[in-house]
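>>> quick one: sequence plus predicted model below, questions after.
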Amino acid sequence: MDSVKLTSISSKDPTHGNSLHIEDADAITSLAGLSGLSGALQGALWVGWNAKLRNLTGLGGVSSVLGTDKYGYSIILYDNPELECA
């Protein structure tokens, strides 16, 4: 995910309520490619089932998560076994 040039996300998925959803991306070890992303997310942030993801460093520019998913959660981190605690 190092080559991604995403700088903003202006909306959310109308069905699930997520602005950013990263799931089952087993080759990803880092979110560094999202380091250009800044501002608030209107919907939820979902990061789950990523077998090799080690950190969330590329999300440092996200100032806040304003919305929720369809279950009422704003930030969902699930089953990322290599994710390091800071």
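That came in fine, so what should we check first?
>>> what's the nearest residue to Leu31 if we skip its chain neighbours?
Residue nearest to Leu31 in three dimensions, not counting chain neighbours: Gly58, with 3.5 Å by CB to CB, 6 or more residues apart in numbering. For glycine as for every other residue, the C-beta is placed from the backbone atoms N, C-alpha and C.
>>> please apply the same query to Asn55.
Glu84 (5.6 Å).
>>> what does Tyr78 give?
Tyr78's closest residue in space is Gly48 (CB to CB, 6+ apart), at 3.7 Å.
>>> would you verify that the residue nearest to Asn55 is located in a helix?
No - counting by DSSP: H, G, I helix; E, B strand; the rest coil, Glu84 is not part of a helix but coil.
>>> that one and Ala25, how far apart?
The gap separating Glu84 from Ala25 is 17 Å, by CB to CB, to the nearest Å.
>>> just want to know which of those two has more residues nearby.
Ala25 (16 against 10; other CB atoms under 10 Å).
>>> SS state for that one?
Ala25 ends up coil, using three-state DSSP.
>>> hang on, it packs against Gly48?
No - contact between Ala25 and Gly48 fails when scored by CB atoms under 8 Å: they sit 9.8 Å apart.
>>> picking that back up, how deep is the residue nearest to Tyr78 tucked in, by neighbour count?
15.
>>> what ranges do the strands span in the chain?
18-23, 39-41, 44-48, 62-65, 75-78 (DSSP state E).
>>> parallel or antiparallel, which strands does the shortest one pair with?
Translated: strand 39-41. Sheet pairing of strand 39-41 (DSSP bridges) gives strand 62-65 (parallel).
>>> tell me the mean pLDDT over stretch 58-67?
For stretch 58-67, the mean pLDDT works out to 96.
>>> from one end of it to the other, what's the distance?
20 Å (CA to CA, to the nearest Å).
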